[in-house]
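S.K.: The following comprises the amino acid sequence and a computationally predicted model.
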Amino acid sequence: MGSALVVLTIVLGALAALAHRRDPALHGRAIGIARDQLRLIALRLPLALMAASLLGELLPRGQMAELLGPQSGWQGIMLASAFGALLPGGPMVSFPFVILLQQAGMGFAPLVALMTAWSVLAVHRVLSFELPLMGPRFVSLRILASLALPLIAGALATLVDPAVLRG
């Protein structure tokens with residue numbers, strides 16, 4: 001992690017210097033935007049974490065491990081993909097909930113499939129944004145082209161040892 005942090009710091013410094021050279025007022029505007037975003041997150045994140053932890057207490061851990069655990073195989077990947085597509089809300093709701101699913105015994109491959117489906121196939125975003133703005137033909141073709149992605153991601157995740165990802 002140390003060398004990655006150094007590289008990111010150098011890249012960030014170079015980009016900040018370039019932005020300052022282009023327009024010194026950019027930093028002030030960026031700080032204002034960051035402050036506004038932090039206000040939104042600071043209000044929502046504690047509530048989302050509390051709601052997710054309360055919901056996590058309601059999860060049947062035994063059934064969760066059986067249906068979506070590390071040994072659930074294709075059944076777990078497909079079920080997690082369907083659940084991810086139906087999972088409503090933005091990252092403030094879904095990420096704390098997914099952390100709780102992991103703590104409840106959900107396997108790595110189903111987690112990857114769930115997050116991929118939430119990112120690519122989210123029904124709530126399709127219905128509220130894509131369908132009205134892009135039309136049914138586009139939405140149908142995009143969904144058809146993307147439908148296999150959560151399954152592929154879950155299958156590929158079975159090849160990756162989560163311990164390798166932790167470093």
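M.R.: Yep, it's here.
S.K.: from here on, contacts and neighbour counts on C-alpha atoms
M.R.: Fine.
S.K.: count of residues packed around V7?
M.R.: 11 (other Cα atoms under 10 Å).
S.K.: Over to the one 10 residues further on?
M.R.: By the criterion of other Cα under 10 Å, A17 has 13 neighbours.
S.K.: What helix or strand is the residue most central in space within the chain located in?
M.R.: By Cα atoms, centre = their mean, the chain has its centre lying nearest to M115, at 5.1 Å. Assigned by DSSP states H and E, M115 belongs to helix 108-121.
S.K.: Give me the distance from the next helix-or-strand element following that helix to the chain's centre.
M.R.: Note on helix 108-121: by DSSP H and E, the next helix or strand toward the C-terminus is helix 123-125. Relative to the chain's own centre, helix 123-125 is displaced by 14 Å; criterion: Cα atoms, centre = their mean, to the nearest Å.
S.K.: Can you tell me what sits against the next helix or strand after helix 123-125?
M.R.: Moving toward the C-terminus from helix 123-125, the next helix or strand (DSSP H and E) is helix 131-134. For helix 131-134, the external contacting residues (Cα atoms under 8 Å, 6 or more residues apart in numbering) are V139.
S.K.: hmm, 10 Å instead?
M.R.: With contact meaning Cα atoms under 10 Å, 6 or more residues apart in numbering, helix 131-134 is reached by R125, V126, L127, R137, F138, V139, S140.
S.K.: And stretch 147-157, by the same measure?
M.R.: With Cα under 10 Å, 6+ apart, stretch 147-157 has contacts from 73-74, 76-82, 84-85, 107-121, 141.
S.K.: can you do 8 Å?
M.R.: For stretch 147-157, the surrounding residues in contact (Cα under 8 Å, 6+ apart) are 74, 77-78, 81, 108-117, 120-121.
S.K.: For this structure, give the helix that spans the most residues.
M.R.: Using DSSP state H to define each element, the chain has its longest helix at helix 25-58.
S.K.: count of neighbours near L121?
M.R.: 24.
S.K.: list the contacts for V98?
M.R.: L111.
S.K.: Secondary structure element holding it?
M.R.: V98 belongs to helix 91-103 when assigned by DSSP H and E.
S.K.: thinking again about what came up before, which strands and helices lie in contact with the longest helix of the chain?
M.R.: helix 2-22, helix 91-103 (3 or more Cα pairs under 8 Å, 6 or more residues apart in numbering; DSSP states H and E).
S.K.: tell me the angle the last one makes with helix 25-58.
M.R.: The directions of helix 91-103 and helix 25-58 differ by 40 degrees, with axes from the mean of the first three to the mean of the last three Cα atoms, to 10 degrees as the criterion.
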